[in-house]
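Q: Sequence and predicted structure, then a few things I'm wondering about:
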Amino acid sequence: MGKYLIKVDSVQKKVNIEVTGKFSYEEGNNFVSEFRTKTSNMITSSYDFECKCIGLNIADAESLPSLEAAFSEYKQCEFKSYKMIVEPDKKSKTLTTSAGLVKSQLGRLSRKSGLPDMEIIVVD
């Protein structure tokens with residue numbers, strides 16, 4: 001089961017997202033819908049985007065379409081900057097999948113979505 005939190009900080013001009021676990025197709029669609037709602041009335045080009053991925057797994061056939069839709073939404077917002085942080089789940093102290101593999105998949109998705117300058121950081 002995946003969980004997410006989307007916060008818009010209008011003072012610091014930053015959209016902060018935190019995602020954990022593995023998302024089903026429905027959970028992914030709910031995330032995309034909420035993201036659209038929270039960003040629809042802002043001038044996103046003046047905001048930075050940061051997404052913290054905690055204990056994230058490689059997307060499989062069920063969750064990949066939702067992840068691709070999320071990246072498409074990120075691109076449409078045209079944020080000032082894009083950053084994704086991949087880190088282990090601090091409770092279990094592990095990533096369920098290699099952080100390098102997750103970083104590679106996120107990199108492929110960002111390039112495919114037209115976001116080749118997205119910064120992807122792995123934190124131990």
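A: That came in fine, so what should we check first?
Q: For the protein, which segments are assigned as helices?
A: With DSSP state H applied, the chain shows helices at 25-39, 64-77, 99-112, listed in chain order.
Q: relative to helix 25-39, how tilted is the second one?
A: Counting by axes from the mean of the first three to the mean of the last three CA atoms, to 10 degrees, helix 64-77 points 10 degrees away from the direction of helix 25-39.
Q: Can you point out the buried residues in helix 64-77?
A: For helix 64-77, the neighbour count (16 or more other CB atoms under 10 Å) marks 66-71, 73-75, 77 as buried. Any C-beta I mention is one placed from the backbone N, CA and C, and that applies to glycine too.
Q: just the longest one next, same as before
A: Of the residues in helix 25-39, those with enough neighbours to count as buried (16+ other CB under 10 Å) are 27-28, 31-32, 35, 39.
Q: contacts for stretch 47-61?
A: 8, 13-22, 67, 74, 77, 79-90, 92, 94-97, 101-102, 105-106 (CB atoms under 8 Å, 6 or more residues apart in numbering).
Q: Buried ones from these, can you make that a ChimeraX selection?
A: Selecting only the buried members of the contacts of stretch 47-61 in ChimeraX, with burial defined as 16+ other CB under 10 Å, works like this:
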select :8,14,15,17,19,20,21,22,67,74,77,79,82,84,86,87,88,95,97,102,105,106
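Q: which ones among the contacts of stretch 47-61 are found in strands?
A: Taking DSSP state E, the ones among the contacts of stretch 47-61 that sit in strands are 8, 14-20, 81-87.
Q: In this structure Phe31 contacts Ser63, no?
A: No: using CB atoms under 8 Å, Phe31 makes no contact with Ser63, being 10.5 Å away.
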